[in-house]
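**Student:** this is the structure alone, sequence omitted:
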């Protein structure tokens, strides 16, 4: 199962589709133009059913194989949304929308699944049904959860579900995956430390929230170093430290801290929240200040199912000859919600050298698209084989 000739021949067309999507990025659930183009193409390909409006702008295409005896249904998912980043690639197809860009490759994921859908609708060389899922709002909107909550799996009778993500920095054409926990949960905290502001020359008349906040930032690292099992995986990062004062000689009234917590098990997730709340509260109190804490649990740990992981890796190796069990990834991924609903797997496709994801100079490598299309099509045919 090497790269399929059909996809190699389609590369100029695929690149044109991808670059058009790149030039017109859309955020979260507002993927109106993208969704309309996807639905139009799915209908042109001859999909048996095209459904729009799931999770506002999600699109689903149904492709039935030549044989339907198995009754099985495999879902293939791509994400469609962009990021609030100002592009700095200088490409001819650079974003035409100020402040927005496809900095994570979702334009390429959408295009690869479209290419696979066109091929599968032409060949129908499988026994069962393929459901292609085009999801909005992966970047912070939990679009996968919304689609599941609106009955995606039940409505289309999906038995298994698969997805892929490009990764610059990995070797070109190498597939990377691991069974079990693969991507981390992604939680957020916002903390307001309230003290008593005043003149910087008279700290004894104040309750300095800056000192309390600084101690909290340091104390939070003990969750990783002294509370969690050292063989576990946990990251606690404070990413925003803002005071209510902009003057050099004013002790502020308040300090705002914002950060993220990443873990790879539910037990560590619970432990992290418990210890973070306690450390913040008691450290603020020890300094005479008060802490207000908002702790939001966002994407859960993404857990690949073992049997489906093996299939996903086998299909990838058959295409390029390269596939490995890779390390854990402490990034978040809302495909986790779909994997909570159905067995499946999520795989990474190496894109070769280039700017990293979420960087203003990132650009999807169009040369990997025949590989990605081949993987999506290969999963469908491997999981829905025809008799004989």
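**Tutor:** Structure's in. What do you need? Values in this document were obtained by computation on a predicted structure and should not be read as measured data.
**Student:** only C-alpha atoms for contact and neighbour calcs from this point on.
**Tutor:** OK.
**Student:** which residues does residue 305 contact?
**Tutor:** Taking C-alpha atoms under 8 Å, 6 or more residues apart in numbering, we find residue 305 in contact with 179, 180, 339, 343, 344, 345.
**Student:** as a markdown table, those residues with secondary structure, neighbour count and distance to residue 160 would be great.
**Tutor:** Written out in a markdown table, the entries for these read as follows (DSSP: H, G, I helix; E, B strand; the rest coil; neighbours: other C-alpha atoms under 10 Å; distance: C-alpha to C-alpha, whole Å):
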| residue | secondary structure | neighbour count | distance to residue 160 |
| --- | --- | --- | --- |
| 179 | coil | 18 | 15 |
| 180 | strand | 16 | 16 |
| 339 | helix | 22 | 9 |
| 343 | coil | 19 | 5 |
| 344 | strand | 27 | 5 |
| 345 | strand | 31 | 9 |
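**Student:** now flag whichever of those is closest to residue 310.
**Tutor:** residue 179 (7.9 Å; C-alpha to C-alpha).
**Student:** about what we covered before: relative to residue 27, which of the contacts of residue 305 is nearest.
**Tutor:** Taking C-alpha to C-alpha as the measure, residue 27 sits nearest to residue 339 out of the contacts of residue 305, at 23.5 Å.
**Student:** for the closest one, give me its contacts.
**Tutor:** Residue 339 sits next to 161, 302, 303, 304, 305, 345 when contact means C-alpha under 8 Å, 6+ apart.
**Student:** now swap in residue 239 and tell me
**Tutor:** Residues counted as contacts of residue 239 (C-alpha under 8 Å, 6+ apart) are 257, 258, 259, 260.
**Student:** pLDDT below threshold where in the chain?
**Tutor:** Filtered on pLDDT under 70, the chain yields the residue ranges 1, 231, 388.
**Student:** what about 90?
**Tutor:** By pLDDT under 90, the low-scoring segments of the chain are 1-6, 66-70, 140, 222-233, 386-388.
**Student:** centre-most residue in it?
**Tutor:** When the chain is reduced to its mean C-alpha position, the closest residue under C-alpha atoms, centre = their mean turns out to be residue 333, at 3.4 Å.
**Student:** give the helix, strand or coil label for it.
**Tutor:** On the three-state scheme (DSSP: H, G, I helix; E, B strand; the rest coil), residue 333 is labelled coil.
**Student:** quick one: the strands in the stretch 101-250 of the chain, in order.
**Tutor:** In the stretch 101-250 of the chain, strands defined by DSSP state E, counting those that start in this stretch lie at 129-135, 160-167, 175-177, 180-183, 185-194, 198-199, 234-243, 250-251, listed in chain order.
**Student:** domain map for this protein?
**Tutor:** With domains defined by automatic domain parsing, the chain comprises 5-182+301-383, 185-299.
**Student:** please identify the deepest-packed of those domains.
**Tutor:** Among the domains of the chain, ranked by average contacts under mean count of other C-alpha atoms under 10 Å, first place goes to domain 5-182+301-383 (a mean of 21).
**Student:** endpoints of it, how far apart?
**Tutor:** Using C-alpha to C-alpha, to the nearest Å, the span of domain 5-182+301-383 from its first residue to its last is 21 Å.
**Student:** one step back: quick one, what contacts the residue nearest to the centre of the chain?
**Tutor:** 138, 183, 184, 299, 302.
**Student:** with residue 22 instead?
**Tutor:** By C-alpha under 8 Å, 6+ apart, residue 22 lies in contact with 93, 94, 95, 101, 102, 107.
**Student:** A helix includes it, no?
**Tutor:** Yes. Secondary structure assignment (three-state DSSP) places residue 22 inside a helix.
**Student:** that older thread, could you dump the contacts of residue 333 into a markdown table with distance to residue 318 added?
**Tutor:** Listed next are these as a markdown table, based on distance: C-alpha to C-alpha, whole Å:
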| residue | distance to residue 318 |
| --- | --- |
| 138 | 29 |
| 183 | 24 |
| 184 | 28 |
| 299 | 32 |
| 302 | 25 |
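**Student:** nearest to residue 384 among those?
**Tutor:** Residue 384 has its nearest neighbour among the contacts of residue 333 in residue 302, at 24.5 Å by C-alpha to C-alpha.
**Student:** tell me which element the spatially closest residue to that closest one that is not a sequence neighbour falls in.
**Tutor:** Once its chain neighbours are removed from consideration, residue 302 has its nearest residue in residue 336; the separation is 4.1 Å (C-alpha to C-alpha, 6 or more residues apart in numbering). In this assignment (DSSP states H and E), residue 336 forms part of helix 335-341.
**Student:** all good on my end, thank you.
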